[in-house]
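1. Provide a 3D model corresponding to the input given below.
(chains A and B)
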Amino acid sequence: MLALRDLQAAFAALLEGEDQPGLFDAIVSDTISAPARLRVHRHHVAQSLTGALAATFPTVQAIAGEAFFRTMAMEFVAEELPVQPVLAEYGEGFPAFVSGYGPAATLAYLGDMARLDWALNLAYHTPMVPRLAAPDLAGLPADRLFELKLGLAAGSTLVRSPWPIDRIWQAAQPEAPEGMVSLEDGPAAVLVLRRPDDAAFASLETSEAAFVSALAGGTSLGEAAEAAFSVEPAFDPSTAFARLLALEAFAAAQHEA
Amino acid sequence: MNSTRVAIASALAAALVLPAATSQAQGNMEKCYGIAKAGKNDCQTAKSSCAGTSKKDAQADAWVSVPKGACEKIVGGKLTAS
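-> Residues are numbered from 1 along each chain as shown, chains lettered A, B, ... in the order given. A predicted model of the protein is given here:
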(Lines give C-alpha, C1' and ligand atoms only; values in the text may rest on other atoms or scores of the structure.)
Protein backbone atom coordinates (compact mmCIF):
# COMPACT_ATOMS: atom_id res chain seq x y z
CA MET A 1 0.00 0.00 0.00
CA LEU A 2 1.27 3.45 -0.93
CA ALA A 3 1.78 6.08 1.70
CA LEU A 4 -0.64 9.00 1.22
CA ARG A 5 2.17 11.28 0.12
CA ASP A 6 3.34 8.80 -2.52
CA LEU A 7 -0.22 8.16 -3.63
CA GLN A 8 -0.83 11.87 -4.16
CA ALA A 9 2.48 12.36 -5.96
CA ALA A 10 1.75 9.42 -8.26
CA PHE A 11 -1.74 10.75 -8.91
CA ALA A 12 -0.42 14.19 -9.81
CA ALA A 13 2.15 12.61 -12.14
CA LEU A 14 -0.66 10.59 -13.73
CA LEU A 15 -2.63 13.77 -14.41
CA GLU A 16 0.46 15.28 -16.01
CA GLY A 17 0.52 12.42 -18.45
CA GLU A 18 2.82 9.85 -16.90
CA ASP A 19 1.53 6.30 -16.63
CA GLN A 20 1.58 5.14 -13.04
CA PRO A 21 1.12 1.35 -12.80
CA GLY A 22 1.95 1.66 -9.11
CA LEU A 23 -1.48 3.24 -8.58
CA PHE A 24 -3.48 0.29 -9.89
CA ASP A 25 -3.56 -1.50 -6.54
CA ALA A 26 -5.00 1.58 -4.85
CA ILE A 27 -7.93 1.89 -7.28
CA VAL A 28 -11.18 -0.08 -7.24
CA SER A 29 -11.17 -2.57 -10.07
CA ASP A 30 -14.43 -4.35 -10.87
CA THR A 31 -16.63 -3.91 -13.93
CA ILE A 32 -14.26 -1.12 -14.93
CA SER A 33 -10.63 -1.99 -14.50
CA ALA A 34 -8.32 0.22 -12.44
CA PRO A 35 -6.23 1.32 -15.46
CA ALA A 36 -9.44 2.27 -17.29
CA ARG A 37 -10.72 4.23 -14.29
CA LEU A 38 -7.50 6.18 -14.15
CA ARG A 39 -7.65 6.91 -17.87
CA VAL A 40 -11.25 8.11 -17.59
CA HIS A 41 -10.30 10.43 -14.76
CA ARG A 42 -7.28 11.81 -16.60
CA HIS A 43 -9.39 12.33 -19.70
CA HIS A 44 -12.01 14.14 -17.63
CA VAL A 45 -9.44 16.45 -16.05
CA ALA A 46 -7.85 17.26 -19.40
CA GLN A 47 -11.21 17.95 -21.05
CA SER A 48 -12.42 20.15 -18.19
CA LEU A 49 -9.25 22.21 -18.11
CA THR A 50 -8.95 22.62 -21.88
CA GLY A 51 -12.61 23.66 -21.84
CA ALA A 52 -11.84 26.24 -19.16
CA LEU A 53 -8.91 27.57 -21.18
CA ALA A 54 -11.09 27.81 -24.29
CA ALA A 55 -13.59 29.90 -22.31
CA THR A 56 -10.84 32.17 -20.98
CA PHE A 57 -8.97 32.50 -24.29
CA PRO A 58 -11.74 32.68 -26.92
CA THR A 59 -9.74 34.91 -29.26
CA VAL A 60 -6.80 32.55 -29.30
CA GLN A 61 -9.13 29.67 -30.07
CA ALA A 62 -10.89 31.60 -32.83
CA ILE A 63 -7.58 32.47 -34.47
CA ALA A 64 -5.92 29.08 -34.20
CA GLY A 65 -9.03 26.94 -34.70
CA GLU A 66 -10.62 24.50 -32.23
CA ALA A 67 -8.53 21.44 -32.98
CA PHE A 68 -5.25 23.30 -32.85
CA PHE A 69 -6.28 25.10 -29.67
CA ARG A 70 -7.27 21.86 -27.96
CA THR A 71 -3.94 20.27 -28.77
CA MET A 72 -2.02 23.30 -27.57
CA ALA A 73 -4.16 23.60 -24.42
CA MET A 74 -3.70 19.93 -23.53
CA GLU A 75 0.05 20.32 -23.69
CA PHE A 76 -0.22 23.31 -21.38
CA VAL A 77 -2.47 21.39 -18.98
CA ALA A 78 0.05 18.57 -18.79
CA GLU A 79 2.72 21.11 -17.97
CA GLU A 80 0.83 23.35 -15.57
CA LEU A 81 -2.06 21.99 -13.56
CA PRO A 82 -4.21 24.50 -11.63
CA VAL A 83 -2.94 25.60 -8.26
CA GLN A 84 -6.30 27.04 -7.23
CA PRO A 85 -9.87 25.72 -7.36
CA VAL A 86 -11.40 28.49 -9.50
CA LEU A 87 -11.30 27.61 -13.19
CA ALA A 88 -11.62 31.26 -14.25
CA GLU A 89 -8.32 31.91 -12.45
CA TYR A 90 -6.57 29.13 -14.34
CA GLY A 91 -4.32 30.00 -17.26
CA GLU A 92 -2.13 32.86 -16.07
CA GLY A 93 0.87 31.07 -17.57
CA PHE A 94 -0.91 30.28 -20.83
CA PRO A 95 0.09 33.45 -22.76
CA ALA A 96 3.79 32.75 -22.14
CA PHE A 97 3.23 29.12 -23.12
CA VAL A 98 1.52 30.18 -26.36
CA SER A 99 4.39 32.55 -27.17
CA GLY A 100 6.84 29.70 -26.88
CA TYR A 101 4.69 27.02 -28.51
CA GLY A 102 6.54 25.76 -31.55
CA PRO A 103 3.62 24.84 -33.83
CA ALA A 104 2.16 28.36 -33.30
CA ALA A 105 5.42 30.07 -34.24
CA THR A 106 3.93 31.04 -37.60
CA LEU A 107 1.43 33.19 -35.68
CA ALA A 108 3.87 35.50 -33.95
CA TYR A 109 1.05 37.62 -32.51
CA LEU A 110 -0.83 34.72 -30.88
CA GLY A 111 0.85 35.10 -27.48
CA ASP A 112 -0.14 38.76 -27.36
CA MET A 113 -3.74 37.82 -28.19
CA ALA A 114 -3.58 35.44 -25.23
CA ARG A 115 -2.36 38.32 -23.03
CA LEU A 116 -5.32 40.39 -24.20
CA ASP A 117 -7.76 37.54 -23.51
CA TRP A 118 -6.23 37.07 -20.06
CA ALA A 119 -6.48 40.79 -19.26
CA LEU A 120 -10.15 40.76 -20.32
CA ASN A 121 -10.74 37.69 -18.17
CA LEU A 122 -9.13 39.38 -15.16
CA ALA A 123 -11.15 42.55 -15.74
CA TYR A 124 -14.36 40.59 -16.06
CA HIS A 125 -13.81 38.82 -12.76
CA THR A 126 -12.77 41.93 -10.86
CA PRO A 127 -15.42 43.40 -8.56
CA MET A 128 -16.79 46.72 -9.79
CA VAL A 129 -15.42 49.43 -7.51
CA PRO A 130 -15.99 53.22 -7.51
CA ARG A 131 -14.08 55.13 -10.18
CA LEU A 132 -12.64 58.57 -10.35
CA ALA A 133 -14.77 61.10 -12.23
CA ALA A 134 -13.84 64.57 -13.44
CA PRO A 135 -15.97 66.36 -10.77
CA ASP A 136 -13.94 64.60 -8.05
CA LEU A 137 -10.97 66.73 -9.09
CA ALA A 138 -12.85 69.99 -9.58
CA GLY A 139 -11.33 72.86 -7.69
CA LEU A 140 -7.92 71.25 -7.44
CA PRO A 141 -5.25 73.90 -8.22
CA ALA A 142 -3.36 73.23 -11.45
CA ASP A 143 -0.03 72.72 -9.70
CA ARG A 144 -1.58 70.13 -7.37
CA LEU A 145 -3.03 68.43 -10.43
CA PHE A 146 0.46 68.24 -11.94
CA GLU A 147 1.73 66.43 -8.85
CA LEU A 148 -1.30 64.15 -8.48
CA LYS A 149 -0.73 60.43 -8.70
CA LEU A 150 -3.62 58.38 -9.99
CA GLY A 151 -3.81 54.60 -9.89
CA LEU A 152 -5.61 52.61 -12.53
CA ALA A 153 -8.88 51.10 -11.37
CA ALA A 154 -8.76 47.42 -10.41
CA GLY A 155 -9.14 45.29 -13.50
CA SER A 156 -7.55 47.89 -15.79
CA THR A 157 -4.58 46.58 -17.74
CA LEU A 158 -2.52 48.19 -20.45
CA VAL A 159 -1.61 45.67 -23.15
CA ARG A 160 0.98 46.75 -25.69
CA SER A 161 2.06 44.76 -28.70
CA PRO A 162 4.14 45.16 -31.85
CA TRP A 163 1.09 43.74 -33.66
CA PRO A 164 -2.32 45.35 -34.32
CA ILE A 165 -3.99 43.32 -31.55
CA ASP A 166 -7.12 45.48 -31.52
CA ARG A 167 -7.83 44.80 -35.18
CA ILE A 168 -6.88 41.14 -34.89
CA TRP A 169 -9.31 40.83 -31.96
CA GLN A 170 -12.08 42.31 -34.10
CA ALA A 171 -11.29 39.98 -36.99
CA ALA A 172 -11.53 37.00 -34.64
CA GLN A 173 -15.05 37.85 -33.41
CA PRO A 174 -17.85 35.55 -34.56
CA GLU A 175 -19.68 38.39 -36.30
CA ALA A 176 -16.58 39.99 -37.73
CA PRO A 177 -17.12 41.57 -41.11
CA GLU A 178 -15.23 40.14 -44.03
CA GLY A 179 -11.87 41.69 -44.56
CA MET A 180 -8.24 41.14 -43.90
CA VAL A 181 -5.99 42.53 -41.21
CA SER A 182 -2.43 43.25 -42.15
CA LEU A 183 0.24 42.79 -39.53
CA GLU A 184 1.96 45.78 -41.03
CA ASP A 185 -0.79 47.86 -39.33
CA GLY A 186 0.87 47.37 -35.95
CA PRO A 187 1.90 48.19 -33.27
CA ALA A 188 -1.08 48.70 -30.98
CA ALA A 189 -1.84 49.45 -27.35
CA VAL A 190 -5.15 48.78 -25.66
CA LEU A 191 -6.49 49.60 -22.23
CA VAL A 192 -8.58 46.78 -20.85
CA LEU A 193 -11.30 47.90 -18.44
CA ARG A 194 -13.85 46.46 -16.07
CA ARG A 195 -17.30 47.85 -16.87
CA PRO A 196 -20.60 47.34 -15.06
CA ASP A 197 -21.79 44.45 -17.25
CA ASP A 198 -18.74 43.27 -19.06
CA ALA A 199 -15.08 43.75 -19.80
CA ALA A 200 -13.99 45.91 -22.70
CA PHE A 201 -10.96 47.57 -24.16
CA ALA A 202 -10.17 50.90 -25.75
CA SER A 203 -7.46 51.37 -28.36
CA LEU A 204 -4.89 53.95 -27.35
CA GLU A 205 -2.58 56.17 -29.35
CA THR A 206 1.13 55.53 -28.77
CA SER A 207 1.40 58.73 -26.73
CA GLU A 208 -1.68 57.84 -24.68
CA ALA A 209 -0.17 54.44 -23.96
CA ALA A 210 3.01 56.12 -22.74
CA PHE A 211 0.87 58.39 -20.53
CA VAL A 212 -1.06 55.45 -19.05
CA SER A 213 2.06 53.34 -18.64
CA ALA A 214 3.76 56.12 -16.67
CA LEU A 215 0.68 56.67 -14.50
CA ALA A 216 0.37 52.94 -13.83
CA GLY A 217 4.02 52.98 -12.78
CA GLY A 218 3.29 55.56 -10.08
CA THR A 219 4.36 58.70 -11.93
CA SER A 220 2.49 61.95 -11.31
CA LEU A 221 0.05 63.27 -13.92
CA GLY A 222 2.40 66.03 -15.02
CA GLU A 223 5.44 63.79 -15.32
CA ALA A 224 3.38 61.18 -17.16
CA ALA A 225 2.38 63.90 -19.63
CA GLU A 226 6.05 64.78 -20.07
CA ALA A 227 6.79 61.12 -20.77
CA ALA A 228 4.05 61.13 -23.42
CA PHE A 229 5.50 64.29 -24.98
CA SER A 230 8.84 62.58 -25.29
CA VAL A 231 7.36 59.88 -27.56
CA GLU A 232 4.93 62.19 -29.38
CA PRO A 233 5.52 65.97 -29.38
CA ALA A 234 1.91 66.51 -30.54
CA PHE A 235 0.52 64.76 -27.45
CA ASP A 236 -2.55 66.56 -26.12
CA PRO A 237 -2.81 66.15 -22.33
CA SER A 238 -6.33 67.64 -22.19
CA THR A 239 -7.83 65.20 -24.66
CA ALA A 240 -5.96 62.18 -23.32
CA PHE A 241 -6.76 62.87 -19.66
CA ALA A 242 -10.40 63.68 -20.45
CA ARG A 243 -10.73 60.48 -22.42
CA LEU A 244 -9.26 58.36 -19.63
CA LEU A 245 -11.59 59.99 -17.10
CA ALA A 246 -14.56 59.33 -19.36
CA LEU A 247 -13.46 55.71 -19.72
CA GLU A 248 -13.42 55.52 -15.91
CA ALA A 249 -9.91 54.14 -16.05
CA PHE A 250 -8.80 55.47 -12.65
CA ALA A 251 -9.54 54.23 -9.18
CA ALA A 252 -11.51 56.62 -6.99
CA ALA A 253 -9.20 58.99 -5.16
CA GLN A 254 -8.18 58.08 -1.64
CA HIS A 255 -9.61 60.64 0.71
CA GLU A 256 -6.89 62.49 2.47
CA ALA A 257 -7.07 62.37 6.21
CA MET B 1 6.98 75.92 -11.77
CA ASN B 2 8.58 76.55 -15.14
CA SER B 3 6.48 77.49 -18.13
CA THR B 4 6.32 73.96 -19.58
CA ARG B 5 4.99 72.60 -16.32
CA VAL B 6 2.48 75.42 -16.10
CA ALA B 7 1.29 74.63 -19.62
CA ILE B 8 0.93 70.94 -18.83
CA ALA B 9 -0.86 71.65 -15.57
CA SER B 10 -3.31 73.95 -17.35
CA ALA B 11 -3.91 71.39 -20.08
CA LEU B 12 -4.65 68.73 -17.46
CA ALA B 13 -7.00 71.10 -15.66
CA ALA B 14 -8.77 71.80 -18.94
CA ALA B 15 -9.58 68.08 -19.24
CA LEU B 16 -11.86 68.40 -16.22
CA VAL B 17 -14.20 70.72 -18.03
CA LEU B 18 -14.00 69.34 -21.57
CA PRO B 19 -17.61 68.92 -22.70
CA ALA B 20 -16.80 66.51 -25.51
CA ALA B 21 -15.01 64.03 -23.28
CA THR B 22 -17.79 61.52 -22.88
CA SER B 23 -18.75 61.16 -26.51
CA GLN B 24 -15.13 60.95 -27.43
CA ALA B 25 -14.59 58.07 -25.07
CA GLN B 26 -17.35 56.02 -26.61
CA GLY B 27 -15.56 55.88 -29.90
CA ASN B 28 -12.93 53.23 -30.32
CA MET B 29 -14.30 51.14 -27.48
CA GLU B 30 -14.78 47.45 -28.05
CA LYS B 31 -17.33 45.62 -25.99
CA CYS B 32 -16.38 42.08 -25.21
CA TYR B 33 -19.45 39.89 -25.12
CA GLY B 34 -17.39 36.79 -25.61
CA ILE B 35 -16.30 36.33 -22.07
CA ALA B 36 -19.47 37.67 -20.52
CA LYS B 37 -21.59 34.80 -21.77
CA ALA B 38 -19.63 31.77 -20.71
CA GLY B 39 -20.44 30.24 -17.34
CA LYS B 40 -17.23 28.59 -16.43
CA ASN B 41 -17.69 27.33 -12.94
CA ASP B 42 -20.89 25.42 -13.42
CA CYS B 43 -21.12 21.73 -14.11
CA GLN B 44 -21.46 22.10 -17.84
CA THR B 45 -17.90 21.22 -18.64
CA ALA B 46 -17.97 18.27 -16.36
CA LYS B 47 -21.24 17.02 -17.81
CA SER B 48 -20.23 17.25 -21.41
CA SER B 49 -17.01 15.53 -20.57
CA CYS B 50 -18.67 12.71 -18.69
CA ALA B 51 -21.48 12.19 -21.13
CA GLY B 52 -19.34 10.69 -23.78
CA THR B 53 -16.51 9.50 -21.67
CA SER B 54 -14.90 6.54 -23.26
CA LYS B 55 -12.39 4.44 -21.47
CA LYS B 56 -9.81 5.65 -23.89
CA ASP B 57 -7.32 8.11 -22.58
CA ALA B 58 -7.34 11.65 -23.87
CA GLN B 59 -4.83 11.88 -26.63
CA ALA B 60 -3.64 15.13 -28.07
CA ASP B 61 -4.06 15.05 -31.80
CA ALA B 62 -0.46 15.01 -32.81
CA TRP B 63 -1.32 15.77 -36.41
CA VAL B 64 -3.00 19.03 -35.52
CA SER B 65 0.01 21.20 -36.02
CA VAL B 66 -1.48 23.70 -38.44
CA PRO B 67 -3.62 26.56 -37.13
CA LYS B 68 -6.91 26.72 -39.04
CA GLY B 69 -9.00 29.55 -37.73
CA ALA B 70 -9.46 33.27 -38.19
CA CYS B 71 -5.69 33.52 -38.69
CA GLU B 72 -6.48 33.14 -42.38
CA LYS B 73 -7.77 36.71 -42.22
CA ILE B 74 -4.53 38.02 -40.81
CA VAL B 75 -1.92 38.49 -43.46
CA GLY B 76 1.75 39.15 -43.24
CA GLY B 77 2.27 37.01 -40.16
CA LYS B 78 3.16 33.67 -41.61
CA LEU B 79 6.86 33.28 -41.09
CA THR B 80 7.26 29.95 -42.84
CA ALA B 81 8.48 29.88 -46.39
CA SER B 82 6.45 27.44 -48.43
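2. what about chain B, any weak spots by pLDDT?
-> B:1, B:19-28, B:32-65, B:77-82 (pLDDT under 70).
3. Check whether stretch A:221-241 comes near chain B.
-> Yes. Using Cβ under 8 Å from any Cβ of the partner chain, we find that stretch A:221-241 touches chain B at A:221-222, A:225-226, A:236-241. Backbone N, C-alpha and C define where each C-beta goes, glycine included.
4. residue ranges with poor pLDDT in chain A?
-> Along chain A, the model assigns pLDDT under 70 to residues A:254-257.
5. how about the helices in it?
-> For chain A, the helices defined by DSSP state H cover A:4-15, A:34-56, A:58-64, A:66-79, A:94-99, A:110-124, A:142-147, A:165-171, A:206-216, A:221-231, A:237-246.
6. how about CSV for those helices, with mean neighbour count added?
-> Shown next, in CSV, are the helices of chain A (neighbours: other Cβ atoms under 10 Å in any protein chain shown):
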stretch, mean neighbour count
helix A:4-15, 14
helix A:34-56, 20
helix A:58-64, 27
helix A:66-79, 20
helix A:94-99, 20
helix A:110-124, 25
helix A:142-147, 17
helix A:165-171, 23
helix A:206-216, 22
helix A:221-231, 21
helix A:237-246, 23
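7. For B:Lys73, find the nearest of those.
-> Closest approach to B:Lys73 among the helices of chain A is made by helix A:165-171 (4.8 Å; Cβ to Cβ).
8. Show residues contacting that closest one.
-> Residues outside helix A:165-171 that contact it (Cβ atoms under 8 Å, 6 or more residues apart in numbering or on different chains): A:59, A:63, A:109, A:112-113, A:116, A:159, A:176, A:179-181, A:185-186, A:188, A:190, A:201, A:203, B:30, B:70, B:73-74.
9. between the helices of chain A, which gets nearest to A:Ala26?
-> Of the helices of chain A, nearest to A:Ala26 by Cβ to Cβ is helix A:4-15, at 5.9 Å.
10. report the angle between the axes of that closest one and helix A:34-56?
-> 60 degrees (axes from the mean of the first three to the mean of the last three Cα atoms, to 10 degrees).
11. Now tell me what touches the longest helix along chain B from outside.
-> In chain B, with assignment by DSSP H, the single longest helix is helix B:3-15. Helix B:3-15 has contacts (Cβ under 8 Å, 6+ apart) with A:134, A:140, A:142-143, A:145-146, A:221-222, A:225-226, A:236-242, A:245, B:1, B:21.
12. rerun that using 7 Å as the cut-off
-> The list of residues contacting helix B:3-15 from outside it, by Cβ atoms under 7 Å, 6 or more residues apart in numbering or on different chains, reads A:142-143, A:145-146, A:221-222, A:225-226, A:237-238, A:241-242, A:245.
13. Of the contacts of helix A:165-171, which belong to strands?
-> Judged by DSSP state E, those include A:159, A:181, A:188, A:190, A:201, A:203, B:30, B:74 as members of strands.
14. Narrow those residues to just the buried residues.
-> Buried residues within those, counting neighbours by 16 or more other Cβ atoms under 10 Å in any protein chain shown: A:159, A:181, A:188, A:190, A:201, A:203, B:30, B:74.
15. got a markdown table for the residues you listed, with distance to A:Phe11 too?
-> Output for these, formatted as a markdown table (distance: Cβ to Cβ, whole Å):
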| residue | distance to A:Phe11 |
| --- | --- |
| A:Val159 | 37 |
| A:Val181 | 45 |
| A:Ala188 | 44 |
| A:Val190 | 41 |
| A:Phe201 | 40 |
| A:Ser203 | 46 |
| B:Glu30 | 43 |
| B:Ile74 | 41 |
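16. for A:Leu215, what are its contacts?
-> By Cβ under 7 Å, 6+ apart, the contact set of A:Leu215 is A:150, A:224.
17. Distance of it relative to A:Leu140?
-> 16 Å (Cβ to Cβ, to the nearest Å).
18. near chain B, which residues of the stretch 151-257 of chain A show up?
-> For the stretch 151-257 of chain A, the residues in contact with chain B (Cβ under 7 Å from any Cβ of the partner chain) are A:168-172, A:180-184, A:197-203, A:221-222, A:225-226, A:237-238, A:241-243, A:245-247.
19. 8 Å instead?
-> Counting by Cβ under 8 Å from any Cβ, the stretch 151-257 of chain A sits next to chain B at A:163, A:166, A:168-173, A:176, A:179-184, A:197-203, A:221-222, A:225-226, A:236-243, A:245-247.
20. Tell me if I'm right that A:Val181 and B:Val75 touch.
-> Yes. Counting by Cβ atoms under 8 Å, B:Val75 is a contact partner of A:Val181 at 7.2 Å.
21. gap between the nearest residue to A:Glu248 once chain neighbours are set aside and chain B?
-> Using Cβ to Cβ, 6 or more residues apart in numbering or on different chains and skipping the chain neighbours, the partner closest in space to A:Glu248 is A:Arg131 (3.9 Å). Distance of A:Arg131 to chain B, computed by Cβ to the nearest Cβ, to the nearest Å: 12 Å.
22. Show me what B:Glu30 is bridged to.
-> Beta bridges link B:Glu30 to A:Phe201, judged by DSSP bridges.
23. check contacts around it.
-> Each residue near B:Glu30 by Cβ under 8 Å, 6+ apart is listed here: A:166, A:169-170, A:200-203.
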